[in-house]
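Asks: Got a predicted structure plus its sequence, pasted below:
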Amino acid sequence: MSRRPVSSNRALHPTGRGLIAAGLVLFAGVLAAACSSSPGEGGRRAVTLTLYNGQHVQTTDSLVRAFEATTGIAVAVRSDDEDALADVIATEGPRSPADVIYTENSPALEFLQAQGLLAPLPGAILSRTPTRFDSPRGRWVGVSARVSVLVYDPRLIPADRLPTSVLALASPRYRGMLALAPGETDFQPIVTAVERRYGASTALRWLEGLKANVAGHLYPDNETVTSAVNRGQAALGLIDQYYWYRLGAEIGTNELTSRIATFAPGDPGYVVDVSGAAVLSSSKHRREAEALLAFLVSHHGQEIIAHSDSFEYPIASGVSTAAHETPFAALRPDPISIAELGDGRSAVALLQQAGLL
């Protein structure tokens, strides 16, 4: 989309009773299989799934509570940065206690898939999400999405002075104005998109330009970037859109002095990030783990995302966000694919070369 105020959202997929019913049938079928595979007293045994959670805690807590209430399957959650969890799983290998990993972005899942640590998923689960948002190899399923945006303070920089390309953020005209959290995994897909479009040498020069422009505005996370711009400490920052909506929910929309905008359609700074989940090959509770994934992409699970303070875009089961966001179908991001985003290692290497990590 071009730079414009946020508007109401429409569904990515057509809605209707048939679609909702299909989602309920899928979830009921996977759950029934999970229950039938758990013999013991009364025909069932207690199972506790271990979920390695790299998603935002508030999103996961809401989903886990509903899953436990619906299925009776307990979930023990270990939360950390998704890259840290992926490294832990890679180290644990077949001895990992994790049954499911749930991440903010796709590169961590692609990394684990390349290591042979993710189990193949049933087609019934994968079919709930458009193919372009799932693992190309069928080892993880997309659950929700976000889009990269500029957050800016119109008191410090008017909308007509905002860059239309992410490359322009490295221009000296923005020196001292830019806030950035280069250690955020949300930033890696943008770096990857720039490298794929323009090459590694151009991407490195761009990152070096960003480093020069941020001056004292390097922050540990996008929450801090968003707050800093909203307080007028920096003129603009690069974030995913949901951080701005969450700040508004936290402090009240009347206290939002900042605004958000996107780069030009198709620009590599305008990237859709997909949050996804996978079952570990080492899981001893494969059916129950699949039931959790089926819940995440079910109508019920997607409605929780749509009506929570997640402010992410539901991408499965025909559900649309309840927030007043630009319709997901109206976004015009870089067409880079999940496979092209890869595992993020090249982006990390460039960030390290530029001295941003």
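Replies: Nice, thanks for sending it over.

Asks: CA atoms for contacts and neighbours, from now on please.
Replies: OK.

Asks: show me what contacts Pro182?
Replies: The contact partners of Pro182, by CA atoms under 8 Å, 6 or more residues apart in numbering, come to Gln188, Leu218, Tyr219, Pro220, Leu351, Leu356, Leu357.

Asks: Pretty sure the third one sits against Val225.
Replies: In this case it means Tyr219. Yes - contact criterion CA atoms under 8 Å: Tyr219 and Val225 qualify, at 6.3 Å.

Asks: buried set for the helix or strand where Gln352 lies?
Replies: When secondary structure is defined by DSSP states H and E, Gln352 falls within helix 345-353. By 16 or more other CA atoms under 10 Å, the buried positions in helix 345-353 come out as Ser346, Ala347, Val348, Leu350, Leu351.

Asks: Between Tyr219 and Val225, which is the more surrounded one?
Replies: A direct count of neighbours by other CA atoms under 10 Å for Tyr219 and Val225 places Val225 higher, at 27 against 17.

Asks: okay but that one is in contact with Val214, surely?
Replies: No - assessed by CA under 8 Å, Val225 is found out of contact with Val214, at 11.1 Å.

Asks: who touches both of Tyr219 and Val225?
Replies: By CA under 8 Å, 6+ apart, the residues touching both Tyr219 and Val225 are Ala179, Leu180, Ala181.

Asks: so which of those is the most crowded?
Replies: Ala179 (30 neighbours).

Asks: which secondary element of this structure has the worst mean pLDDT?
Replies: The least trusted helix or strand in the chain, going by mean pLDDT, DSSP states H and E, turns out to be helix 17-36, with a mean of 49.

Asks: Output the contacting helices and strands for the next helix or strand after that one.
Replies: Using DSSP H and E, the helix or strand that directly follows helix 17-36 along the chain is strand 48-53. Helices and strands touching strand 48-53, by 3 or more CA pairs under 8 Å, 6 or more residues apart in numbering; DSSP states H and E, are strand 74-79, helix 82-92, strand 100-103.

Asks: so which of those gets nearest Ile304?
Replies: strand 100-103 (15.7 Å; CA to CA).

Asks: where's the closest one relative to the chain centroid, distance-wise?
Replies: Distance of strand 100-103 from the chain centroid (CA atoms, centre = their mean, to the nearest Å) equals 11 Å.

Asks: What is the subsequent helix or strand relative to it?
Replies: helix 106-114.

Asks: List the buried residues for that next one?
Replies: So for helix 106-114, counting by 16+ other CA under 10 Å, buried means Ser106, Pro107, Ala108, Leu109, Glu110, Phe111, Leu112, Gln113.

Asks: I'd like the mean pLDDT over whichever helix or strand comes after that helix, please.
Replies: Under the assignment DSSP H and E, the closest C-terminal helix or strand after helix 106-114 is helix 123-126. Average pLDDT, helix 123-126: 96.

Asks: which one is Val151 nearest to, not counting chain neighbours?
Replies: Nearest non-adjacent residue to Val151, counting by CA to CA, 6 or more residues apart in numbering: Ile260, 4.4 Å away.

Asks: May I see the buried residues of whichever strand or helix holds the one you found?
Replies: Per DSSP H and E, Ile260 falls inside strand 259-261. By neighbour count on 16+ other CA under 10 Å, the buried set for strand 259-261 is Arg259, Ile260, Ala261.

Asks: Please apply the same query to stretch 146-154.
Replies: Buried residues in stretch 146-154 (16+ other CA under 10 Å): Arg146, Val147, Ser148, Val149, Leu150, Val151, Tyr152, Asp153, Pro154.

Asks: now do stretch 234-247
Replies: 234-247.

Asks: again with stretch 70-80
Replies: So for stretch 70-80, counting by 16+ other CA under 10 Å, buried means Thr71, Ile73, Ala74, Val75, Val77, Ser79, Asp80.

Asks: List the pairing partners of the longest strand seen in the chain within its sheet, with orientation.
Replies: Longest strand in the chain, counting residues (DSSP state E): strand 141-152. Strand 141-152 has the following strand partners under DSSP bridges: strand 236-240 (antiparallel), strand 259-261 (antiparallel), strand 272-279 (antiparallel), strand 313-314 (antiparallel).

Asks: The following helix or strand past the longest one vs strand 74-79, what angle?
Replies: Looking back up the chat, that one is strand 272-279. Heading C-terminal from strand 272-279, the first helix or strand you meet, by DSSP H and E, is helix 286-296. For helix 286-296 against strand 74-79, the angle by axes from the mean of the first three to the mean of the last three CA atoms, to 10 degrees is 70 degrees.

Asks: Just name whatever secondary elements helix 286-296 is in contact with.
Replies: On a contact count with 3+ CA pairs under 8 Å, 6+ apart, helix 286-296 meets helix 17-36, helix 57-71, strand 272-279.

Asks: tell me the angle the helix or strand just after it makes with helix 286-296.
Replies: As assigned by DSSP H and E, the chain's next helix or strand after helix 286-296 is helix 299-307. Orientation of helix 299-307 against helix 286-296 (the same axes, to 10 degrees) gives an angle of 50 degrees.

Asks: Pro154 contacts Ile260, doesn't it?
Replies: No - Pro154 is beyond contact range of Ile260, at 9.8 Å (criterion: CA under 8 Å).

Asks: what does the model give the closest residue to Leu238 other than its chain neighbours for pLDDT?
Replies: Closest residue in space to Leu238, ignoring its immediate chain neighbours: Leu150 at 4.8 Å, by CA to CA, 6+ apart. The model reports Leu150 with a pLDDT of 98.
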